[in-house]
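Trainee: Need a 3D model of the following:
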Amino acid sequence: MPKLSVVILWIMLFSMPGTDGLAQYFGKNKPSYRTFDFELSQTPHFNIYHYLDDSSRVKFIGSLAEQWYHYHRQILVDTFTNRNPIIFYRNHPDFQQTTAIMSNIGVGTGGVTEGLKRRVVMPFSFSDYQTSHVLGHELVHAFQYHIIEESEDLNLGAISKVPLWMIEGMAEYLSVGNIDAFTAVWMRDALLHDDFPTLENMGRGQYSPYRFGQAFWSFIASRYGEQYIRRLFSASASQGFYYATEDVLGITVDSLSAEWRQTIARQLLSPEDSTYTIIGERLLSTKNSGRYNLSPSVSSDGKHLVFLSERDVYSLDLFLADAQTGEIIDKIYTSTRNSEIDALEFTETAGTWSPDSRYFAYVAYQKGKTVIIVHDVEKNKLYKTISPAGIDALSSPAWAPHGKGIAFSGMNHGISNLFYMDLETNGVSQLTHNQHACMQPVWTRDGKHIWYITDEAAPDQAIFVPGNFNLARYDITSSTHRVFNTFPGAKNLNPMPLARTPYVFFLSNVNGRRDLYSLNTQTGQLKRATDYGTGIMGMTEMSPALSIGNHTLFYSILQNGEFQIIKAPAKELLENARPVPHQPFDYRAARLTSYSEHFSVVDQNLIFRGVINADKDVKLEAAEPRNQFKLDYIGNMAAGVMTGRFGTGMAGSIEALFSDVLGHHLLYGGASINGRIYDFGGQVALLNQKRRIKVGVSLSHIPYRIGYYAYEDNGTEEELVYYSRRIFEDKASVFSFLPLNRYNRVEAGLSMAHYNYRYEKIEDLENYYPTYHNSGKKIDAPEGFWVGRSDVAYVFDNSRFGIASPVDGIRARFQFEQFYNGVDAHAILFDYRKYKFVRPFSFAFRLYHYGRYGSDRNTNRLTRLFAGYPWLVRGYDTGTFYADSTHNSQNIGIKHLIGSSIMVSNLEFRMPLSGPINLAPLRSSIVFSEMVFFMDAGLAWDDNSHPVLSLTTTSDRERIPVFSTGMSVRVNLFGVMVIEPYWAFPIHQNRIFKGQFGFNVFPGW
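Mentor: Below is the predicted model:
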């Protein structure tokens, strides 16, 4: 659809509002801030969709893909006959807007591989090594899907039989290999604290499927040979992991678990590992914060510390703490308070303090860009947002000592360099100009130099392969840089210069672990400052974990599956440091398993050929992208003819979703039948989501069937008859929605529906059982009619979801509806929900109103509203307290809760019941539930009644509020559905009535 047409259509829909066909009532958005004009480049095995201006980077991606194809094919013995799609984005904010993947993309998601089309969707990272690793990882998933798809006795659903840790661990092993100091630290930590999992327990949430899964496959390759990787994977998809292990490996799962642990312990543990001593004091741990305390950043005066933590359980937030005591002072960032920010970038970057310690700057995503948020710590509010122009993405801001500017790592087309932004003029200048990654910048105290890391080799470095990082220093005066030769072949990260000294602290995995080292820039001497059994590190291998303020160093260390922040005087670290030679990376110490008799093709490829060994002469051809629809999802496939004592009828349903390869256009179709041939229903919908405004159309035919029994006088006696009433709705809808950001959106729609009726009367009945086989006599029915409707709505949702319901934030929906064609009425919807989290409890409040207004608001063409539904006011959907009418103060009539307008209010106290041990009293990794104590209130009225300020009434014309109180338990069934059995005590007419049992089948409001 042309752009102008979309704008005109949106204006029409906005002026004549309507909502039919929209996907969700609440929920966060997946906004599109720009339109991506993709081009298609083809290699022998891949279709690469991109919007890159630099043809050399397109060729780089194509050659990398072909390299990984060659590597993986050797192990998995599989070949693509059709080109596999790869959709590439220039940066992570663009990647989060992808339409190829329907679900939201998290900040920590490096890439996604979708099953039916095997689409690999990913962005550039800040270094070629990181980009290559993610691509290699995701292409393993493409092979996994292809292996199952091409198997004669398997379908794609068989992958659900394979544990997640096998799937992700296999992708990590084939893209990283046996040598991985980062994963080795996790394994060593689990072994030292006697928390190494059995294979049966690997699915529990506390064990990373990437880290432990990689170690498992490394063990299988070492013990049995890499030829068993595909065999065990395929057998697991066919039989399940337990049967496959015995069938393929000839060993029980329990025995395999024991052998794996023994093997990895012999390889990774030394006698000294259990005796190491932490240098410094624990500032932040589970005693005063969360399990993950990361990315410390200390103020210039050394008084305050900002760090990342899941202290409040349901999200990662930035906290401000006293740098001396660890006392939590306040929050710097949380999604429920900073709704102008789409997401916090927390994986591989940390914040920076202004020289006067007044402001703290950190990286976030906003309106499809990476920005720097400057927070006023003194006033605890956002000060300003910095969005440097002409840069794809930025990371690791570093405030200059003079306070006039900020240096940062900026990326364009997957190549990162150092940049500087003048805060007074907003001018941006590029400092480094090369093809090597420039990351993690930090200023020296005198403002003359910027230290950073790079994948550029040092001048005298004989051993260097891509994926390793050296320390480098940029000279502000001469605009030159120098790369230092520290530990060849290692990842030397996170430089921190110590003020007024020649020392620079940094982290390195040279010994197969992750320890703190110092470099004397005058003498070149290297010293090892820590010797830990686990390691100083962050959430990912490249995450920052060091900060220095006022000659005190703060670092995050992994211990017993948790991250603690340690405070240590720099003087003490230097005094304990021991000289070490300029040794190369120790491959043996970083191996997850020892060398074996089985030749490793993975080692040969990744170590000797390299993770970036792209073929410069790969054949790359341009092609025209095609918008061909292919299946994304098919479900609810069932059909049959039923017969029995209750009659004979047909039943069945099917639904399917199709899209083009980029996900710009979605086509949905569904059909269902239940009863006779005219009980057939179906819907087809088409959605265009390429541009920021999403536009769709829908056509549907929906039958509704109701019926009732009655006794009629046939002249001699009363006869039992059954009246069957069918209502057929034929509707055409056009709808649109505009996500303003992740939390705000505007919806609009327009529909026209025709309703017609079919009434039947079935006679000669002998019992009350429903009958479908008896032919009914068609009787007079009302004339059909048309009704048009339009609506517009504003929706806000920044809530955080807990175990089975939202626990923090706000949800609000304001909607206006207009009816047409013989119905002079309009409707107003107001739904406001507020949640307050006070760990571990949550308080929830809702105020809801839906009312129809206009001369035809009570017409029979519009369904009457009922305030007693269990999702509004619990305890009133059934009950013996109802009477035919409200004639005394002992009961109320059913019509008391029916009207053309309703008002509902709810108050809940929610507490975790079962789930994570740090939150719920009943620990469980399977059953997640919460207990709820509630108070509900509801009121309904229409033209023939009115609300009164009273708690009792004897008339249906005087409407009083009804109440209920009680408790419920919401149980989250594996994230698929939430059930809520409840026990409610209705309260009306100044009386508390007998408790009523019921249940809801959806998450808490």
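
Trainee: Surely Pro569 and Gly549 touch.
Mentor: No. Using C-beta atoms under 8 Å, Pro569 is not in contact with Gly549, being 11.5 Å away. Every residue, glycine included, has its C-beta placed from N, CA and C.

Trainee: ok, how many other residues are close to the closest residue to Asn688 other than its chain neighbours?
Mentor: Leaving aside its chain neighbours, Asn688 sits nearest to Val695 (5.1 Å; criterion: C-beta to C-beta, 6 or more residues apart in numbering). Val695 has 22 neighbours, counted by other C-beta atoms under 10 Å.

Trainee: Phi, psi for Val695 please.
Mentor: phi -130, psi 140 (degrees, to the nearest 10).

Trainee: Give the bridge partners for it, please.
Mentor: Here Val695 shows beta-bridge partners Asn688, Ser736, assigned using DSSP bridges.

Trainee: Would you check how far apart it and Ser151 are?
Mentor: 40 Å (C-beta to C-beta, to the nearest Å).

Trainee: low-scoring pLDDT stretches of this structure, where are they?
Mentor: Within the chain, the ranges that satisfy pLDDT under 70 run 1-23, 463, 636-651, 766-775, 917.

Trainee: quick one: the helices in it?
Mentor: According to DSSP state H, the chain carries its helices in the segments 3-15, 55-76, 92-95, 128-150, 164-176, 181-192, 209-224, 227-239, 241-244, 253-268, 570-576, 601-603.

Trainee: out of those, nearest to Lys381?
Mentor: helix 92-95 (24.0 Å; C-beta to C-beta).

Trainee: Looks like Val58 contacts Tyr51 (just checking).
Mentor: No. Checked against C-beta under 8 Å, the pair Val58 and Tyr51 is beyond contact range at 10.0 Å.

Trainee: The two: which has the busier surroundings?
Mentor: Between Val58 and Tyr51, Val58 has the larger neighbour count (other C-beta under 10 Å), namely 19 against 14.

Trainee: Please give me every residue in contact with that one.
Mentor: 41, 48, 50, 52, 620 (C-beta atoms under 8 Å, 6 or more residues apart in numbering).

Trainee: Quick one: distance of stretch 475-485 to the chain centre.
Mentor: 41 Å (C-alpha atoms, centre = their mean, to the nearest Å).

Trainee: Equivalent analysis for stretch 341-358, please.
Mentor: 22 Å.

Trainee: Ends of it, what's the gap?
Mentor: 21 Å (C-alpha to C-alpha, to the nearest Å).

Trainee: Pull out the buried positions in it.
Mentor: 341-355, 357-358 (16 or more other C-beta atoms under 10 Å).

Trainee: And stretch 157-166, by the same measure?
Mentor: In stretch 157-166, counting by 16+ other C-beta under 10 Å, buried: 158-159, 161-163, 165-166.

Trainee: which residues sit against that stretch?
Mentor: Contacts to stretch 157-166, defined as C-beta under 8 Å, 6+ apart, come from residues 115, 144-145, 148, 151, 167, 202-203, 207, 209, 212-213, 216-217, 233, 236-241.

Trainee: 7 Å instead?
Mentor: Among residues not part of stretch 157-166, those counted as contacts by C-beta atoms under 7 Å, 6 or more residues apart in numbering are 144, 148, 202-203, 209, 212-213, 233, 236-238, 240-241.

Trainee: For ChimeraX, write a command that selects the buried ones of those.
Mentor: Once 16+ other C-beta under 10 Å is used to decide burial, the buried members of the contacts of stretch 157-166 can be selected in ChimeraX as follows:
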select :144,148,202,209,212,213,233,236,237,238,241
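
Trainee: Which of the contacts of stretch 157-166 sits closest to Gly966?
Mentor: Sorting these by how near they are to Gly966, with C-beta to C-beta, puts Gly203 at the top with 35.6 Å.

Trainee: With the flanking residues excluded, which residue is spatially nearest to the closest one?
Mentor: Pro163 (5.9 Å).

Trainee: now that neighbour: how far from Tyr242?
Mentor: With C-beta to C-beta as the criterion, Pro163 and Tyr242 are 10 Å apart.

Trainee: thinking again about what came up before, distance to Tyr794 added to the buried residues of stretch 157-166, as CSV?
Mentor: What follows is the buried residues of stretch 157-166, written out as CSV (distance: C-beta to C-beta, whole Å):
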residue, distance to Tyr794
Ala158, 44
Ile159, 40
Lys161, 44
Val162, 44
Pro163, 43
Trp165, 43
Met166, 45
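
Trainee: Show me the two of the residues you listed that sit farthest apart.
Mentor: Counting by C-beta to C-beta, the most remote pair of those is Ala158 and Trp165, 17.0 Å apart.

Trainee: how far does stretch 665-674 sit from the chain's center?
Mentor: Counting by C-alpha atoms, centre = their mean, stretch 665-674 comes out at 27 Å from the chain centroid.

Trainee: go on, stretch 303-318?
Mentor: The answer for stretch 303-318 is 19 Å, by C-alpha atoms, centre = their mean.

Trainee: Give the buried residues for that stretch.
Mentor: 304-318.

Trainee: Stretch 531-544 spans what distance, first to last residue?
Mentor: Termini of stretch 531-544 sit 19 Å apart (C-alpha to C-alpha).

Trainee: Identify, from the buried residues of stretch 157-166, the entry nearest to Asn576.
Mentor: Using C-beta to C-beta, the buried residues of stretch 157-166 come closest to Asn576 at Trp165, 38.0 Å.

Trainee: what about that closest one, distance to Glu562?
Mentor: Look at Trp165 and Glu562: by C-beta to C-beta, they are 20 Å apart.

Trainee: again with Asp322
Mentor: 21 Å.

Trainee: ok, those two, which is more surrounded?
Mentor: Counted by other C-beta under 10 Å, Asp322 and Glu562 do not tie: Glu562 has more neighbours, with 16 against 13.

Trainee: does the more buried one have beta-bridge partners, and which?
Mentor: Gln559.

Trainee: do Phe796 as well
Mentor: So, taking DSSP bridges as the rule, Phe796 has Asn744, Ala812 as bridge partners.

Trainee: Pro569 and Gly549: which is more packed in?
Mentor: The neighbour comparison of Pro569 against Gly549 (other C-beta under 10 Å) goes to Gly549, with 21 against 15.

Trainee: quick one: contacts for the more buried one?
Mentor: Contacts of Gly549 (C-beta under 7 Å, 6+ apart): 298-300, 302, 323.

Trainee: same deal with Thr81?
Mentor: With C-beta under 7 Å, 6+ apart, Thr81 has no contacts at all.

Trainee: What of the one 3 residues further on?
Mentor: For Asn84, the set of contacting residues under the criterion of C-beta under 7 Å, 6+ apart consists of 45-46, 118, 142.

Trainee: Same question for Arg991.
Mentor: Contacts of Arg991 by C-beta under 7 Å, 6+ apart: none found.

Trainee: ditto for the one 4 residues further on
Mentor: Contacts of Gly995 were listed using C-beta under 7 Å, 6+ apart, and they are 966, 983-985.

Trainee: Next, work out how far apart Glu783 and Ala732 are.
Mentor: Distance, Glu783 to Ala732, using C-beta to C-beta: 20 Å.

Trainee: For the two, indicate the residue with more neighbours.
Mentor: Neighbours around Glu783 and Ala732, counted as other C-beta under 10 Å, are more numerous at Ala732. The numbers are 14 against 7.

Trainee: on that earlier part again, tell me the one of the contacts of Asn84 nearest Pro947?
Mentor: Nearest member of those to Pro947, counting by C-beta to C-beta, is Arg118, at 59.2 Å.
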